[in-house]
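S.K.: heads up, no residue letters with this:
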């Protein structure tokens, strides 16, 4: 919560101090499991409401972010997923999806080629069987 006449830096320092106090209380009471989200992190929404701060502060303020990630690793054994790691994972997934898409497109082309070849071979076989029948049985109406 911003104070009238205070700078953004002062507000940030105040938020960090309140967060440090809150984290210290959780450590003393050992009640951090009550604040655990299903993702194995501190529930940011509940924490923002408790401290009366904007939830976005937890993502935009590097000091707040570092404090939360450190406690999450300590309390929940969660490896912190940094923004860079998330972007890297997203990039790897995009590359894999493109590769699969390209492979799929190549396979679809190959399937179409094989289907065309199969039709040609079936037609060719039918024509040869018809010719073979003519050779073996003779022309209709002709006597052997």
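M.R.: In hand now; what should we look at? What you see is a predicted model; the values in this text were computed from it and never measured.
S.K.: Next, work out how far apart residue 76 and residue 35 are.
M.R.: Using Cβ to Cβ, to the nearest Å, residue 76 is found at 10 Å from residue 35. Using the backbone N, CA and C atoms, a C-beta is placed for each residue, glycine as well.
S.K.: again but with residue 72, I slipped
M.R.: Residue 72 sits 10 Å away from residue 35, taking Cβ to Cβ as the criterion.
S.K.: so what sits against both of those two?
M.R.: Counting by Cβ atoms under 8 Å, 6 or more residues apart in numbering, the residues touching both residue 72 and residue 35 are residue 42.
S.K.: more neighbours, those two?
M.R.: Neighbours of residue 72 and residue 35, each counted by other Cβ atoms under 10 Å, are more numerous for residue 72; the result is 21 against 18.
S.K.: So which bits of the host helix or strand of the more buried one are buried?
M.R.: Residue 72 is part of helix 62-76 when elements are defined by DSSP states H and E. Residues 64-65, 67-69, 71-72, 75-76 are the ones in helix 62-76 that count as buried (16 or more other Cβ atoms under 10 Å).
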